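In: Got a sequence here, can you model it:
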Amino acid sequence: MSVTGRVREKLMIALRPTRLDVINESELHAGHRNSPGTGESHFRILVVSDAFSGKSRLERHRLVNDLLKDELAGGIHALALSTLAPGEALPRS
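Out: Numbering: from 1, shown residues only. Model prediction:
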């Protein structure tokens with residue numbers, strides 16, 4: 001299974017989000033000095049989940065980072081997170 005697939009699966013199972021966008025931005029970083037060149041190293045993720053209700057941004061990010069600890073240790077170089085509870089405003093693109 002691809003890194004993108006593993007990330008999506010882990011977040012779907014653990015957080016049961018109402019919205020999940022997993023965007024692979026690795027091609028934007030191809031050739032950069034620290035890019036591993038795997039094609040699956042840089043991701044932007046938007047998660048909307050009840051699991052984030054009442055949690056600070058730091059707590060939300062720690063939760064996602066813990067869920068993805070194997071992927072972060074084994075190839076994901078950069079991870080941009082937007083973690084929202086239902087009803088919170090979506091970030092502007």
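In: what about stretch 76-87, how long is it end to end?
Out: Stretch 76-87 stretches 29 Å from its first residue to its last (Cα to Cα, to the nearest Å).
In: Where does pLDDT dip in the chain?
Out: Scanning the chain with the threshold set as pLDDT under 70 gives 27-39, 93.
In: where's the residue nearest in space to the middle of it relative to Arg8, distance?
Out: Central residue of the chain (Cα atoms, centre = their mean): Ile45, 3.8 Å from the mean position. Using Cβ to Cβ, to the nearest Å, Ile45 is found at 9 Å from Arg8. For the C-beta atoms, the positions are set from N, CA and C on the backbone; glycine is no exception.
In: Overlap in contacts, these two.
Out: Leu20, Val22 (Cβ atoms under 8 Å, 6 or more residues apart in numbering).
In: Tell me the strands beside the helix or strand encompassing the residue nearest to the centre of the chain, with direction?
Out: For Ile45, the enclosing helix or strand under DSSP states H and E is strand 42-48. When pairs are called by DSSP bridges, strand 42-48 turns out to pair with strand 19-24 (antiparallel), strand 78-84 (parallel).
In: Which residues does the shortest one contact?
Out: If I follow you right, that is strand 19-24. 4, 7-8, 11-12, 39-40, 42-48.
In: again with the last one
Out: The set of residues external to strand 78-84 that reach it, using Cβ under 8 Å, 6+ apart, is 25, 29, 41-49, 52, 57, 60-61, 63-65, 68, 72, 90-91.
In: rerun that using 7 Å as the cut-off
Out: Strand 78-84 is touched from outside by 41-48, 52, 57, 60-61, 64, 72, 90-91, with contacts defined as Cβ atoms under 7 Å, 6 or more residues apart in numbering.
In: So how do I select the buried members of the contacts of strand 19-24 in ChimeraX?
Out: Per 16 or more other Cβ atoms under 10 Å, the buried members of the contacts of strand 19-24 correspond to this ChimeraX selection:
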select :4,7,8,11,40,42,43,44,45,46,47,48
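In: mind putting the contacts of strand 19-24 in CSV, distance to Ile76 included?
Out: Listed next are the contacts of strand 19-24 as CSV, based on distance: Cβ to Cβ, whole Å:
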residue, distance to Ile76
Thr4, 10
Val7, 8
Arg8, 13
Leu11, 13
Met12, 17
Gly39, 12
Glu40, 8
His42, 8
Phe43, 6
Arg44, 12
Ile45, 10
Leu46, 16
Val47, 15
Val48, 21
